[in-house]
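build me a model:
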Amino acid sequence: MEPLLTTLELYSRELLAITILVLIVAITGIIWFNQPLRRERRNIKRAIRRLGAKVLSDVKLPDGVDGEIFIDYLVLTPEDIKVVTLKRYPGLIYGGEQLQDWTQVVNNRNHNFPNPLYEMKLKIMAVKAIVPNVPVNGLTLFCDDSRFPTNKPAGVFNLCDIDSKSEKKPIPPELLSGWGILSNPCQ
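Numbers count the residues shown, from 1 in each chain. Purely as a prediction, here's the structure:
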């Protein structure tokens, strides 16, 4: 009976070793494949922080018609409150201010998507409805793997277009007041 028990113990130990090895390889693969995604998120956060003094993310506001509108980022700057929409469309992007749809080209395949500038106008209107006496502007931010072979429309940028923070300027009281209203939706 002892040789059988020893064989079973060896088999169990080998199975355990193989299972641990497979888990190590799987975890390493997951970490390795997520590196670009983590790097992109870090670059997005840095670019957004460079835009202004304070940032709110994943903001939900009333849209004025019994619905809600979602805003990726609100950024407080000395000049205004910026509504920032992030777009992740790799490849070539063709679009213009007046076009209803824009086109993404990846591997010689076209994909149309709605003009993000129309969406931006709605988001700016929603913010202005809450803080009417505060200047509000918007920018649409594309990740760096997006390329615009023709000119980018006004208000459209890649992450790499966002300059490093400029000198700190004081924020006017009316902007701080508006920011306070947007920061505390319960008021």
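
average pLDDT for the longest helix along the chain?
Scanning the chain for the helix with the most residues, using DSSP state H, yields helix 2-51. Mean pLDDT, computed over helix 2-51, is 76.

how far off centre is the helix or strand that comes right after it?
Going down the chain from helix 2-51, the next helix or strand is strand 54-62, by DSSP states H and E. Chain-centre distance of strand 54-62: 12 Å, with Cα atoms, centre = their mean, to the nearest Å.

what's the angle between the helix or strand following strand 54-62 and strand 54-62?
Next in sequence after strand 54-62, counting helices and strands by DSSP H and E, comes strand 68-76. With axes from the mean of the first three to the mean of the last three Cα atoms, to 10 degrees defining the directions, strand 68-76 sits at 160 degrees from strand 54-62.

just checking, what packs against strand 68-76?
Applying 3 or more Cβ pairs under 8 Å, 6 or more residues apart in numbering; DSSP states H and E, one finds that strand 68-76 contacts helix 2-51, strand 54-62, strand 81-87, helix 116-130, helix 173-183. (Glycine included, C-beta is placed from N, CA and C.)

would you mind finding the most buried of these?
Of the helices and strands packed on strand 68-76, the one with the most neighbours on average (mean count of other Cβ atoms under 10 Å) is strand 81-87, at a mean of 22.

mean confidence score for stretch 179-187?
77.

gap between the two ends of stretch 155-163?
Start to finish, the residues bounding stretch 155-163 are 14 Å apart (Cα to Cα, to the nearest Å).

other residues contacting it?
The contact list for stretch 155-163, computed with Cβ atoms under 8 Å, 6 or more residues apart in numbering, reads 43-44, 47, 50-51, 95, 116-117, 120, 137-144, 146, 148.

isn't M120 right up against V83?
Yes - counting by Cβ atoms under 8 Å, V83 is a contact partner of M120 at 6.6 Å.

joint contacts of the two?
Joint contacts of M120 and V83 (Cβ under 8 Å, 6+ apart) are 138-139.

CSV please, covering the helices and strands packed on strand 68-76 and showing distance to V105.
Listed next are the helices and strands packed on strand 68-76 as CSV, based on distance: least, Cβ to Cβ, whole Å:
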stretch, distance to V105
helix 2-51, 20
strand 54-62, 30
strand 81-87, 15
helix 116-130, 16
helix 173-183, 37
